[in-house]
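Peer 1: got a sequence here, can you build the structure:
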Amino acid sequence: MDEAYYVGFRVGDQEIGLDPNGHNQGMTGPVGYFHVSDIKNSLQSLLDAGAQVHQEVKDVGGGKLIASVKDADSNIIGLIQLP
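Peer 2: Numbers count the residues shown, from 1 in each chain. Below is the predicted model of the structure:
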């Protein structure tokens, strides 16, 4: 996929996405996204463990949901739920 807002690559089962506007959302480097079956419950579990919301749950198209948190060391951890 090559759009003005996102460039995506697929290598086997691995997806690699480049967001040219990521710096506007506080992204300063790569973010790993972990596949989850229930993004809201997974997000809440991370928050209960002390993480802080970096990006609320967001539909990025086709029912694909993403969210991210910052851990205690300010690392950004991404979550992704496929439709």
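Peer 1: okay, now the unreliable bits of this protein?
Peer 2: Flagging of the chain using pLDDT under 70 yields the residue ranges 1-5.
Peer 1: farthest residue from the center of it?
Peer 2: The C-alpha centroid of the chain is most remote from residue 12, which lies 19.4 Å away (CA atoms, centre = their mean).
Peer 1: export the longest strand anywhere in the chain as CSV, just CAs?
Peer 2: Using DSSP state E, we find that the single longest strand of the chain is strand 52-59. The C-alpha trace of strand 52-59 is given here as CSV (Å, rounded to 0.1, in the frame of the first residue of the first chain):
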residue,chain,number,x,y,z
GLN,A,52,-0.2,5.5,30.0
VAL,A,53,-2.3,6.0,26.9
HIS,A,54,-0.3,7.2,24.0
GLN,A,55,-3.0,6.8,21.3
GLU,A,56,-6.6,5.7,22.0
VAL,A,57,-8.2,2.9,20.0
LYS,A,58,-8.5,4.1,16.4
ASP,A,59,-10.0,2.5,13.3
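Peer 1: and it, which strands flank it?
Peer 2: Partners of strand 52-59 in the sheet, by DSSP bridges, are strand 65-70 (antiparallel).
Peer 1: any idea how far the partner strand is from the chain center?
Peer 2: Distance of strand 65-70 from its chain centroid, counting by CA atoms, centre = their mean, to the nearest Å, is 4 Å.
Peer 1: who are the packing partners of the very next helix or strand once past it?
Peer 2: Downstream of strand 65-70, the next assigned helix or strand under DSSP states H and E is strand 76-81. With contacts taken as 3 or more CB pairs under 8 Å, 6 or more residues apart in numbering; DSSP states H and E, strand 76-81 sits against strand 33-35, helix 39-48, strand 65-70. For the C-beta atoms, the positions are set from N, CA and C on the backbone; glycine is no exception.
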